[in-house]
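J.: here is the input, now give the coordinates:
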Amino acid sequence: SGAAAVVREMQPSLPPYEVLPAGVSMEELPRSTTVLLEEPPRPPQDHLVWSLCTTLYGNFCCLGLLAFLFSVKSRDRKVLGDYSGAMSYGSTAKCLNIVALVLNILSVIVVAIVVALIITGVITRVNHPQYGQDPYSGFT
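T.: Residues are numbered from 1 along each chain as shown. You can find the predicted model right below:
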């Protein structure tokens, strides 16, 4: 009987809807309950705060405003449970925010370069007057 118990323990437990093989009783099988928990899908990001900041601080060619509108649409879709629509609108808002951010960074760099060139041009003219001009003509 000891060898039969070892053989029964090594047999895989069968689902309750199958017919038990001969020689196995319900009392000898382990009793357990299996509960499968599905994790709810992660809601898509709507990038609303980023779009709001882009609208307020770097609305280059109204891209920030467009990103904000798509973010609001994404949030509306998410509230309605349409996760694929929310993901689509959120992705569009993210792309618009990235384009607006890159254009804002480039515009700041261009403005800084232009200002630097203007300042160096003014300083260069003051320190080195053009040929034929009296450097002291301004001091009368």
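
J.: need the longest helix for the chain.
T.: As assigned by DSSP state H, the longest helix anywhere in the chain is helix 83-127.

J.: what is that one packed up against?
T.: Secondary-structure packing of helix 83-127 (3 or more CB pairs under 8 Å, 6 or more residues apart in numbering; DSSP states H and E): helix 48-57, helix 63-80. The way it works is simple: take the backbone N, C-alpha and C, and place the C-beta from them, glycine included.

J.: a markdown table for the ones you listed, including distance to Leu101?
T.: What follows is the helices and strands packed on helix 83-127, written out as a markdown table (distance: least, CB to CB, whole Å):
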| stretch | distance to Leu101 |
| --- | --- |
| helix 48-57 | 7 |
| helix 63-80 | 9 |
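
J.: of all those helices, which lies closest to Met26?
T.: Proximity to Met26, assessed across the helices and strands packed on helix 83-127 by CB to CB, is greatest for helix 63-80 (48.1 Å).

J.: go through that closest one and flag the buried ones.
T.: Counting neighbours by 16 or more other CB atoms under 10 Å, one finds that the buried residues in helix 63-80 are 63-64, 66-75, 77-78.

J.: could those residues go into JSON lines alongside distance to Val111 and pLDDT?
T.: Supplementary listing: these in JSON lines, determined by distance: CB to CB, whole Å; pLDDT from 0 to 100:
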{"residue": "Leu63", "distance to Val111": "18", "pLDDT": "92"}
{"residue": "Gly64", "distance to Val111": "18", "pLDDT": "92"}
{"residue": "Leu66", "distance to Val111": "23", "pLDDT": "95"}
{"residue": "Ala67", "distance to Val111": "22", "pLDDT": "95"}
{"residue": "Phe68", "distance to Val111": "24", "pLDDT": "96"}
{"residue": "Leu69", "distance to Val111": "27", "pLDDT": "96"}
{"residue": "Phe70", "distance to Val111": "28", "pLDDT": "97"}
{"residue": "Ser71", "distance to Val111": "28", "pLDDT": "97"}
{"residue": "Val72", "distance to Val111": "31", "pLDDT": "96"}
{"residue": "Lys73", "distance to Val111": "33", "pLDDT": "96"}
{"residue": "Ser74", "distance to Val111": "32", "pLDDT": "95"}
{"residue": "Arg75", "distance to Val111": "34", "pLDDT": "95"}
{"residue": "Arg77", "distance to Val111": "38", "pLDDT": "94"}
{"residue": "Lys78", "distance to Val111": "38", "pLDDT": "93"}
